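Novice: here is a sequence with its predicted model. Questions after.
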Amino acid sequence: MKIATKLMLGASLLTIIAVTISAGATGWLALKQARQSVEYSVHQQF
């Protein structure tokens with residue numbers, strides 16, 4: 001396998017990993033904020 005191919009595969013793999021981690025972190029934070037917002041709304045109603 002050529003060095004250029006190895007570099008391209010490595011860069012692609014690192015990009016996929018970074019995007020996956022970013023999406024997971026963003027989703028987790030959004031879920032956390034949504035849960036807090038709902039709890040606050042419910043608390044204000046009662």
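Specialist: Ah, there it is.

Novice: residue 45: neighbouring residues, count only.
Specialist: 6 (other C-beta atoms under 10 Å). All C-beta spots, glycine's among them, are computed from the backbone N, C-alpha and C.

Novice: right, I mislabeled it, should have said residue 19
Specialist: Residues lying near residue 19 (other C-beta under 10 Å) number 10.

Novice: what stretches of the protein score poorly on pLDDT?
Specialist: Residues of the chain meeting the criterion pLDDT under 70: none.

Novice: can we see that at 80?
Specialist: Residues of the chain meeting the criterion pLDDT under 80: 46.

Novice: all strands for it, in order.
Specialist: For the chain, applying DSSP state E gives no strands.

Novice: can you pull up the most central residue in it?
Specialist: Central residue check for the chain by C-alpha atoms, centre = their mean: the C-alpha nearest the mean position is that of residue 23, 2.1 Å away.

Novice: contact partners for it?
Specialist: Residues near residue 23 by C-beta atoms under 8 Å, 6 or more residues apart in numbering: none.

Novice: just give me the neighbour total for residue 34.
Specialist: Residue 34 has 10 neighbours, counted by other C-beta under 10 Å.

Novice: likewise residue 14?
Specialist: By other C-beta under 10 Å, the residues close to residue 14 number 10.

Novice: list the contacts for it?
Specialist: Going by C-beta under 8 Å, 6+ apart, residue 14 touches no other residue.

Novice: how close does it sit to residue 21?
Specialist: 11 Å (C-beta to C-beta, to the nearest Å).
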